[in-house]
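J.: Here is my input; please provide its structure:
(one chain, ligands or ions: 1)
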Amino acid sequence: MAFDSLSQKLQNVFKNLRSKGRLTEDDVKAALKEVKMALLEADVNFKVVKQFTKAVQERAIGSDVMNGLNPGQMVIKIVNEEMVKLMGSETTEIALRPGQQITVIMMVGLQGAGKTTTTAKIAGKLKQKGKKPLLAACDVYRPAAIEQLKINGEKQEVEVFSMGDKNKPVNIAKAAVEHAAKNGNQVVILDTAGRLHVDEDMMDELIEIKENVDVAQTILVVDAMTGQDAVNVAGTFDEKIGIDGVVLTKLDGDTRGGAALSIRAVTGKPILYVGMGEKLSDLEQFYPDRMASRILGMGDVLTLIEKAQSEIDIDEEKAKDMQQRLKKADFTFDDYLLSMEQMKKMGGLGNILGMLPGLGGGKMPDIDEGEAEKNMARTTAIIYSMTKKERSNPSLLNPSRKHRIAKGAGVDISEVNRLVKQFEQAKKMMKQMPGLMGGRGRGGKMG
Ligand code: GDP
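T.: As a prediction, this is how the structure comes out:
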């Protein structure tokens, strides 16, 4: 998958940050140096990398640490936000003209970028929106291109307009629009000819079409695997003929991801779709926010962080109190109750697990959420059956007290025993990992 290596490197940087309770300015700078290296290795445009790390650094060093987030998480949040910004923030759709007006879309790009395939893929998306698109075969230099478009059109069940290879592309385009008007097609997609490299003849031909046909959207198709070349090609096309958006193909084979991260920032033009395979269904709408969390390898962990923030704020006092005791390792059953309550407020165990990287998307074969929640309810009942003294001093729990508690909670004594054992284990674990729970820089400045 794209971004694997970048993702891995960034996650390592973040892991180091997270393991620190407080961050100094130097910690942030050192981490960002690694982020910079990782982005450059992913073939992100040099200027973009510089601007990006500068923006992150300014925010990370200048900002207060938010409630509920430790400094490491705060840096991740900023990196994520800046990355979303880099890719354009909003999802951009192909702009179609309203009603029955014909929208002419001109597909442009170098040979082999995936133009013909993408033309058919987009036709499929438009059909899903209830449109009746017409594909026009304007690549007259490669007879195979016309044939390929026809085959793909047939697969998508959309009409392909062709006049063979003896006519000028501009005339084919004009005739296609006339045909569409008679035939009730609201969208005409022109599949134009590419060359191996940017050349004058190709540009002139595209300019001629634009001057003679009312082109509403010019969409450039570039191959993600060509990295910064794709970005340069986008810049040149935009300068010479003007483009409205980009489709980035072969992202499924691109292990670096530099083009995806640079195109918007360098050209100012949005990525509309990404090609994720050779099949005609392998075209995905481009969501900058989802792409960023994919790159950061965090599933929807940011949503989780946001939730934690808002929930923890409510119980700030209680939580502070609990932390104090955690640090001293005198964690009690009352704290246990409190943490379960907070978990419930955050949407339950299943919800939290679903948002964790690697566990999202229904990949939780070993965890039965319903069962886990039932267990939580029984645990709560057991703790409520303890006296106040027992809750704050679990060492009081002798067999006769346990018996009484089991009866009160309506469970078997073995469950009480198990809970007490788990509780002791959790306590031990927390003692061994002060970094895990301590050191949240609530409201404090970094450094
Ligand atoms: P054109 O010359 O720009 O019209 O390019 P084509 O549409 O003929 O595509 C060139 C090759 O790239 C074909 O083998 C396509 O199947 C392949 N291709 C196009 N898009 C993608 C994609 O998103 N992923 C992958 N893996 N292959 C693609």
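
J.: What about Met106, how many residues nearby?
T.: For Met106, the count of nearby residues is 25 (other CB atoms under 10 Å). Using the backbone N, CA and C atoms, a C-beta is placed for each residue, glycine as well.

J.: Show me what the strand or helix carrying Gln425 packs onto, helices and strands only.
T.: If you go by DSSP states H and E, Gln425 is part of helix 413-432. Counting contacts by 3 or more CB pairs under 8 Å, 6 or more residues apart in numbering; DSSP states H and E, helix 413-432 packs against helix 333-345, helix 369-384, helix 399-409.

J.: Quick one: name the residues of the protein near the ligand.
T.: Residues of the chain lying close to the ligand (CB under 6 Å from any ligand atom) are 109, 111-117, 194, 249-250, 252-253, 275-278, 282.

J.: Filter these down to the buried ones.
T.: Those of those that meet the buried threshold are 109, 111, 113-117, 194, 249-250, 275-277, 282, by 16 or more other CB atoms under 10 Å.

J.: Now render those as CSV, adding secondary structure and pLDDT.
T.: CSV is the format used below for these (DSSP: H, G, I helix; E, B strand; the rest coil; pLDDT from 0 to 100):
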residue, secondary structure, pLDDT
Gly109, coil, 96
Gln111, coil, 93
Ala113, coil, 96
Gly114, coil, 96
Lys115, helix, 96
Thr116, helix, 96
Thr117, helix, 96
Gly194, coil, 90
Thr249, strand, 97
Lys250, coil, 95
Gly275, strand, 94
Met276, coil, 89
Gly277, coil, 92
Asp282, coil, 89
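
J.: Which of these sits closest to Ala144?
T.: Nearest to Ala144, judged by CB to CB, of those is Thr116 at 9.3 Å.

J.: so the closest one touches Asp139, yeah?
T.: Yes: the pair Thr116 and Asp139 passes the contact test of CB atoms under 8 Å, sitting 7.3 Å apart.

J.: per-domain residue ranges of the chain.
T.: Domain segmentation of the chain under automatic domain parsing yields 4-86, 103-295, 301-437.

J.: Return the most buried member of those.
T.: Counting by mean count of other CB atoms under 10 Å, domain 103-295 has the highest mean neighbour count of the domains of the chain, with a mean of 20.

J.: Now do it: distance to the chain's middle.
T.: Relative to its parent chain, domain 103-295 has a centroid offset of 24 Å by CA atoms, centre = their mean, to the nearest Å.

J.: Between its first and last residues, how far does it reach?
T.: 34 Å (CA to CA, to the nearest Å).

J.: ok, now stretch 220-233?
T.: One end of stretch 220-233 sits 9 Å from the other (CA to CA).

J.: Give me the residues contacting it.
T.: 2, 43, 45, 107-110, 112-115, 118, 198, 234, 237-238, 243, 245-251, 253-254, 256-260, 262-263, 266-267, 269, 274-275 (CB atoms under 8 Å, 6 or more residues apart in numbering).

J.: Then stretch 8-18?
T.: Residues from elsewhere that reach stretch 8-18 (CB under 8 Å, 6+ apart): 23, 27, 31, 34-35, 37-38, 41, 70-73, 75-76, 79, 295-297.

J.: Could you provide the buried ones among the residues of the chain next to the ligand in a markdown table, with additional columns for distance to Asn183?
T.: Formatted as a markdown table, the entries for these read as follows, by distance: CB to CB, whole Å:
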| residue | distance to Asn183 |
| --- | --- |
| Gly109 | 27 |
| Gln111 | 30 |
| Ala113 | 29 |
| Gly114 | 27 |
| Lys115 | 23 |
| Thr116 | 21 |
| Thr117 | 24 |
| Gly194 | 27 |
| Thr249 | 29 |
| Lys250 | 33 |
| Gly275 | 28 |
| Met276 | 32 |
| Gly277 | 31 |
| Asp282 | 28 |
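
J.: sorry, back to before: the helices and strands packed on helix 413-432: lowest mean pLDDT?
T.: Ranked by mean pLDDT, those end with helix 333-345 at the bottom, a mean of 73.

J.: Would you check that Phe297 makes contact with Ser5?
T.: For residue 297 the amino acid is Gly, not Phe. No: contact between Gly297 and Ser5 fails when scored by CB under 8 Å: they sit 11.1 Å apart.

J.: picking up where we left off before, from the buried ones among the residues of the chain next to the ligand, which is closest to Lys428?
T.: Nearest to Lys428 out of those is Met276 (CB to CB; 46.4 Å).

J.: Ala55 - nearest residue in space that isn't next to it in sequence?
T.: Sequence neighbours aside, Glu82 is the residue nearest to Ala55 in space, at 5.2 Å (criterion: CB to CB, 6 or more residues apart in numbering).

J.: In terms of secondary structure, what does the strand or helix carrying that neighbour contact?
T.: Here Glu82 sits within helix 71-86, counting by DSSP H and E. Secondary-structure packing of helix 71-86 (3+ CB pairs under 8 Å, 6+ apart): helix 4-18, helix 25-41, helix 46-62, helix 258-267, helix 288-295, helix 301-314.

J.: Redo the domains of the chain as CSV? Include distance to Ala95.
T.: Below are the domains of the chain laid out as CSV (distance: least, CB to CB, whole Å):
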stretch, distance to Ala95
domain 4-86, 22
domain 103-295, 6
domain 301-437, 29
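
J.: Mean pLDDT lowest where, among those?
T.: Mean pLDDT across the domains of the chain is lowest at domain 301-437; the value there is a mean of 70.

J.: Pick out the residue closest to the middle of this structure.
T.: The centroid of the chain falls nearest to Arg290 when counting by CA atoms, centre = their mean (2.0 Å).

J.: so how far is the ligand from it?
T.: Relative to the ligand, Arg290 is positioned 17 Å away (CB to the nearest ligand atom, to the nearest Å).
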